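> let me see the structure of the following:
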Amino acid sequence: MAFQRALVFDFGTRKIGIAAANRLAGTVTPLRTLPAQAGRPEWHQVAAIVAEWQPEVLVVGLPRNTDGTDSNMTAAARDFAAELARRTHLPTAEIDERYTSMEAEDVLRQQRRSGARTRRVRPGDIDLMAARLMAETWLRS
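So this is what the prediction gives:
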């Protein structure tokens, strides 16, 4: 049986974007960007989001090089996923996040240029949009 509800994490060493995805409803909800220190968030904040959204699986974006090989951040993202699983007792999955941050930045800047977005793009916005884009990919998989 496929998972219906997921929390998707755009892992970074300073910020972690989080989005919720629901296959049954076909929806993606950008939630928030958590600050992190060396890739470690305030775990109580993660626990609160997990308790509120009650996902069945936690999906972590794996940063990869353009040729698909592991990047210098891939191991850190896998460590983050393992810690998520250990702390939440939920299964984790990985998703390729190549180009999502660039795509997120492009989407946000286009929204700004078109007037759909009135405030300027901040770095946390990019992480949140990247998590949303990964969640949309997860829905389609």
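> which strands and helices sit next to the worst-scoring helix or strand of the chain on mean pLDDT?
Scoring the helices and strands of the chain by mean pLDDT, DSSP states H and E places helix 100-114 at the bottom, with a mean of 79. Judged by 3 or more CB pairs under 8 Å, 6 or more residues apart in numbering; DSSP states H and E, helix 100-114 is in contact with helix 123-140. From N, CA and C alone the C-beta is placed, and that goes for glycine too.
> next one: phi and psi at the nearest residue to Gln111 once chain neighbours are set aside?
Distances taken as CB to CB, 6 or more residues apart in numbering place Arg117 nearest to Gln111, at 3.8 Å, with adjacent residues excluded. Phi and psi for Arg117, reported as degrees, to the nearest 10, are phi -120, psi 120.
> burial count for Arg117?
15 (other CB atoms under 10 Å).
> pairing partners for the strand ranked longest in the chain, with directions?
Criterion DSSP state E: the longest strand present in the chain is strand 27-37. Strands that pair with strand 27-37, judged by DSSP bridges, come out as strand 15-22 (antiparallel), strand 40-41 (antiparallel).
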